[in-house]
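Engineer: show me how the following folds:
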Amino acid sequence: MKKFRLLPVVLIVMALLVSACGNNDKGANSNNAATGDAGSNNGKADATATATLESVKASGKLRIGTEGTYAPFTYHDAAGKLTGFDVDIATEVSKRLGVQPEFIETQWDGIFAGLNSKRFDTVFNEVSITDERKQKYDFSDPYIVSKAVLIVSEDNTDIKKFADLKGKKAGQSLTSNLTQIAKSNGAEIVATDGFNQAIDLLTSKRVDATVNDGLSYLDLKKQKPDAPIKKVDESSDASHSAAVFNKGSEDLIKEVNKALSDMKADGTYLKISEKYFGADVSK
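Structural biologist: The predicted structure follows:
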């Protein structure tokens, strides 16, 4: 009886394996198609290919990877709606490209994997431009300038500067460039999903500090002025953030840059920036 019962299972497993192999082949062929063989897909956008201006126009949407948990850049408001500075910027860029934005939420530590696997056409999530990332990805023109800050509990008197992190626990997203600042100053890294969890760990005294984005800190204190945390140090180097794309999206990036430039010229960018920060954060 076991043999008869196992046979259908074996057939199902074999069918799934064949199906999986087919998807892999499709992905490989699609990447080739993205270099110019658009006709092989009957004019439809291929979700597994590197995004180009043509493929985005054909699909009628720009697939955007974002966290949804990183206020004020990308988060959910009291009604549960995805909003934030990066969300508004990406929405306006999509509008000027003539397509609809499709936001795909994922945790920060998986956001580049999502871009690699072509789940997104781009990422709008206050991603800093670094030399290491530029080796693998292309960036739009920067649209955010910010500095890293050192945040501790309001009653902490031991940590006053980045160098005081040596031997202390810092709550950090593992793949964030801000984590490198904590590491380089000798901190023991405690992994977090993002800014909010880092602050939760800090206020519950499970970490001693977090190195995080200065604009996020300002927004948190604006929303929760009584939050028991304080900024004790600030990096002298400014970080420039931009939208991220896989290599091969040059024509799409060119149009995104034009949209960003036009938004700054007609005042749309400043209006969005002041909505979230009360200032122009492009400088």
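Engineer: show me where the stretch 101-250 of the chain has strands.
Structural biologist: Applying DSSP state E, counting those that start in this stretch to the stretch 101-250 of the chain gives strands spanning 122-128, 137-139, 144-153, 169-172, 188-191, 210-213, 229-246.
Engineer: of all the ones you listed, which lies closest to Lys264?
Structural biologist: Of all those, strand 144-153 sits nearest to Lys264, with 12.4 Å by Cβ to Cβ. (Glycine included, C-beta is placed from N, CA and C.)
Engineer: for that closest one, buried residues please.
Structural biologist: Ile144, Ser146, Ala148, Val149, Leu150, Ile151, Val152, Ser153 (16 or more other Cβ atoms under 10 Å).
Engineer: what's the closest non-adjacent residue to Thr106?
Structural biologist: Leaving aside its chain neighbours, Thr106 sits nearest to Gly114 (5.2 Å; criterion: Cβ to Cβ, 6 or more residues apart in numbering).
Engineer: so what's that neighbour up against?
Structural biologist: By Cβ atoms under 8 Å, 6 or more residues apart in numbering, Gly114 lies in contact with Gly65, Ile104, Thr106, Phe120, Val123.
Engineer: ranges for the helices of the stretch 1-150 of the chain?
Structural biologist: 2-33, 53-59, 85-97, 111-116, 131-134 (DSSP state H, counting those that start in this stretch).
Engineer: follow-up on the earlier one: out of the buried residues of strand 144-153, what pair is the most spread apart?
Structural biologist: Ile144 and Ser153 (27.2 Å).
Engineer: now the strands of the stretch 101-250 of the chain as a markdown table including distance to Gly267 and mean pLDDT?
Structural biologist: Listed next are the strands of the stretch 101-250 of the chain as a markdown table, based on distance: least, Cβ to Cβ, whole Å; pLDDT from 0 to 100:
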| stretch | distance to Gly267 | mean pLDDT |
| --- | --- | --- |
| strand 122-128 | 20 | 95 |
| strand 137-139 | 24 | 98 |
| strand 144-153 | 17 | 95 |
| strand 169-172 | 36 | 97 |
| strand 188-191 | 41 | 96 |
| strand 210-213 | 25 | 94 |
| strand 229-246 | 20 | 94 |
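Engineer: and those strands as a markdown table, adding distance to Met263?
Structural biologist: Output for these, formatted as a markdown table (distance: least, Cβ to Cβ, whole Å):
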| stretch | distance to Met263 |
| --- | --- |
| strand 122-128 | 13 |
| strand 137-139 | 17 |
| strand 144-153 | 13 |
| strand 169-172 | 32 |
| strand 188-191 | 36 |
| strand 210-213 | 22 |
| strand 229-246 | 13 |
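Engineer: nearest to Ala163, out of those?
Structural biologist: Where the strands of the stretch 101-250 of the chain are weighed against each other on Cβ to Cβ, the nearest is strand 229-246, at 8.8 Å.
Engineer: how many degrees apart are that closest one and strand 122-128 in direction?
Structural biologist: Going by axes from the mean of the first three to the mean of the last three Cα atoms, to 10 degrees, strand 229-246 is angled at 140 degrees with respect to strand 122-128.
Engineer: in this protein, which residue is most central in space?
Structural biologist: Note on the chain: the residue nearest the mean C-alpha position is Asn125, at 3.5 Å, using Cα atoms, centre = their mean.
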